[in-house]
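> this one's sequence-less:
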């Protein structure tokens with residue numbers, strides 16, 4: 001049952017961090033930009049009067065804007081912090097100034113590894129460098145590893161018992177290891193962690209949360225634990241998470257884009273969100289007492305189309321922690337942790353649709369008593385993340401029909417206004433990548449770890465085309481899935497296919513034929529009415545039309561390996577592998593080894 005909020009905050013905002021002023025400025029910037037973009041759209045669509053179709057287009061455009069505009073201003077603020085702040089990290093999380101790095105680790109800390117139908121060998125491979133580092137630091141007695149299994153496959157369960165039993169024996173006397181498997185996965189991952197809290201939560205002050213694909217070096221764990229020790233107001237400290245180097249072309253390109261966007265975006269958002277930061281469910285440190293007392297999430301009634309246990313539990317836990325008076329902060333430092341991303345478009349869509357369903361379950365929490373205004377914004381923003389998709393697809397459909405029945409494109413939208421929107425929206429959309437790209441190009445060291453300026457710019461160009469193709473594919477996938485949710489379809493929590501693998505044409509066609517049909521239909525309609533509009537429509541229709549070959553080509557091992565060897569979409573870890581990461585012997589780092597310089601511990 002949900003707990004009432006604490007009667008008063010456990011602490012005040014750090015001196016000099018005027019979050020109220022920052023938030024007011026950010027809201028003003030976002031509101032002014034959205035108003036300007038909507039006004040531009042209204043002016044553009046008033047070329048020959050303003051009818052019902054024009055009103056629909058404006059409303060749909062307004063729904064798509066929040067993610068775009070917020071991302072733009074986060075990127076601008078993040079870039080200014082990167083370039084102007086003496087200590088960019090301290091500018092957004094003042095608690096780091098309280099930690100030197102040599103303080104004794106006194107907090108009893110549980111390491112929570114949640115798994116379901118995973119390969120134990122792969123999980124242990126990611127764990128061992130962290131355990132070695134903790135033991136080498138002489139603080140193994142302060143940590144306890146809990147392997148929390150929800151595995152349903154009996155063969156994998158048997159292997160888990162053997163492998164993790166052996167791991168417990170191996171680390172006996174240095175770091176305690178406990179393996180537990182539930183007979184069912186009630187509550188999914190949140191239920192898995194809740195079961196730990198009920199059994200062992202009172203025995204520890206802090207908990208490090210890991211997913212099956214997480215990799216955290218010991219230095220990162222110890223730094224985050226020390227920050228939590230230094231600031232008792234902190235309830236959740238979320239570390240920045242980037243993708244592990246991969247030989248999958250799809251994962252490389254996706255992770256390269258995320259790597260560029262996350263730094264500026266996260267710095268900018270942390271500057272104004274401050275103590276109401278995000279929690280992503282892994283690569284984070286929790287303060288267990290308030291988490292146990294205040295962050296239990298009730299299941300929604302099964303009678304609801306989105307009933308049952310919450311899939312996207314992490315952000316709900318963050319807003320509940322903040323409601324209880326504790327701070328939730330993000331630590332936007334590199335090398336705090338890595339994760340594996342889906343190696344193919346098909347697997348990526350599976351994961352994204354689970355997130356879509358989970359975010360749609362946030363609706364009732366918007367009116368939960370006691371939430372901070374920023375917390376309500378975060379939940380609404382998470383919902384809009386996926387509601388924006390049908391808005392984009394609706395704009396494509398309505399705009400195509402309007403053009404089909406118009407004598408000329410200028411009868412639908414003024415060409416000057418249309419061109420301004422066509423340029424302005426992508427610039428704002430790609431602002432986080434552009435901001436970090438500019439920061440990298442201003443640093444010789446940064447350019448070098450990304451493979452040098454020519455490789456870096458080539459990678460940016462390829463990733464930009466990839467993103468332009470991928471986004472509308474995902475928008476249409478979200479749209480179809482949201483319709484299915486309204487009709488009562490739901491998905492559960494399953495294991496992921498993490499290894500690189502090919503996607504046969506038949507499989508791609510089975511999953512992506514509706515996307516292809518949409519893209520080709522839009523192009524065909526415009527080709528038969530106003531061919532001059534086709535180049536502009538490709539921004540939204542090109543990806544769906546090419547969805548099948550994109551899925552097949554980006555899953556080919558030969559393409560991914562060629563990218564790694566050529567330094568395309570290169571990760572800094574491939575140029576200078578950190579010692580703990582080097583122990584994983586990742587194929588991408590091996591393939592990139594002629595360009596690499598291993599970094600000492």
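Now that the structure is in, tell me what you want to look at. Small disclaimer: the values here were computed from a predicted structure and weren't measured.

> Is it correct that residue 409 is in contact with residue 415?
Yes: under the criterion of C-beta atoms under 8 Å, residue 409 makes contact with residue 415 at 7.1 Å. For glycine as for every other residue, the C-beta is placed from the backbone atoms N, C-alpha and C.

> Looking at those two, which one has more neighbours?
Taking neighbours as other C-beta atoms under 10 Å, residue 409 and residue 415 compare with residue 409 leading, 19 against 15.

> any idea how far residue 536 is from that one?
8 Å (C-beta to C-beta, to the nearest Å).

> any residues in contact with both of those two?
Contact criterion C-beta atoms under 8 Å, 6 or more residues apart in numbering; residues shared by residue 409 and residue 536: residue 418.

> tell me which strands and helices the one helix or strand residue 474 maps to is in contact with?
Secondary structure from DSSP states H and E places residue 474 in helix 453-486. The helices and strands touching helix 453-486, judged by 3 or more C-beta pairs under 8 Å, 6 or more residues apart in numbering; DSSP states H and E, are helix 249-273, helix 345-360, helix 373-404, helix 431-441, helix 505-529, helix 534-545, helix 547-553.

> what comes up buried for the fourth one?
Using 16 or more other C-beta atoms under 10 Å as the test for burial, helix 431-441 gives 431-437, 439-440.

> How many neighbouring residues does residue 349 have?
21.

> so residue 329 makes contact with residue 96?
No: contact criterion C-beta under 8 Å: residue 329 and residue 96 do not qualify, at 9.6 Å.

> Of those two, which one has the most company?
residue 329 (28 against 19).

> pretty sure that one belongs to a helix, no?
No: using DSSP: H, G, I helix; E, B strand; the rest coil, the assignment for residue 329 is strand, not a helix.

> And it, how far from residue 290?
Distance from residue 329 to residue 290, by C-beta to C-beta: 14 Å.

> for residue 351, same thing?
Taking C-beta to C-beta, one finds residue 351 at 30 Å from residue 290.

> When those two are compared, which one has more neighbours?
Under the criterion of other C-beta under 10 Å, the comparison of residue 351 against residue 290 puts residue 290 first, with 19 against 13.

> For that one, pull up the helix or strand it's in.
helix 288-294.

> Take the helices and strands packed on helix 453-486 and write them to CSV, including mean pLDDT and distance to residue 68.
Conversion of the helices and strands packed on helix 453-486 to CSV gives the following (pLDDT from 0 to 100; distance: least, C-beta to C-beta, whole Å):
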stretch, mean pLDDT, distance to residue 68
helix 249-273, 96, 12
helix 345-360, 94, 18
helix 373-404, 95, 8
helix 431-441, 97, 9
helix 505-529, 96, 21
helix 534-545, 91, 13
helix 547-553, 98, 22
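
> need those in JSON lines with distance to residue 488, can you?
Converted to JSON lines, the helices and strands packed on helix 453-486 look like this (distance: least, C-beta to C-beta, whole Å):
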{"stretch": "helix 249-273", "distance to residue 488": "31"}
{"stretch": "helix 345-360", "distance to residue 488": "12"}
{"stretch": "helix 373-404", "distance to residue 488": "18"}
{"stretch": "helix 431-441", "distance to residue 488": "36"}
{"stretch": "helix 505-529", "distance to residue 488": "19"}
{"stretch": "helix 534-545", "distance to residue 488": "26"}
{"stretch": "helix 547-553", "distance to residue 488": "26"}
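
> which of those helices is buried the deepest?
Comparing the helices and strands packed on helix 453-486 by mean neighbour count (mean count of other C-beta atoms under 10 Å), helix 249-273 ranks first with a mean of 25.

> chain center to it: distance?
The chain centroid and the centroid of helix 249-273 are separated by 8 Å, computed with C-alpha atoms, centre = their mean, to the nearest Å.

> Report the angle between that helix and helix 373-404.
Angle between the axes of helix 249-273 and helix 373-404 is 130 degrees (criterion: axes from the mean of the first three to the mean of the last three C-alpha atoms, to 10 degrees).

> what angle separates helix 249-273 from helix 431-441?
100 degrees.

> Good, wrapping up.
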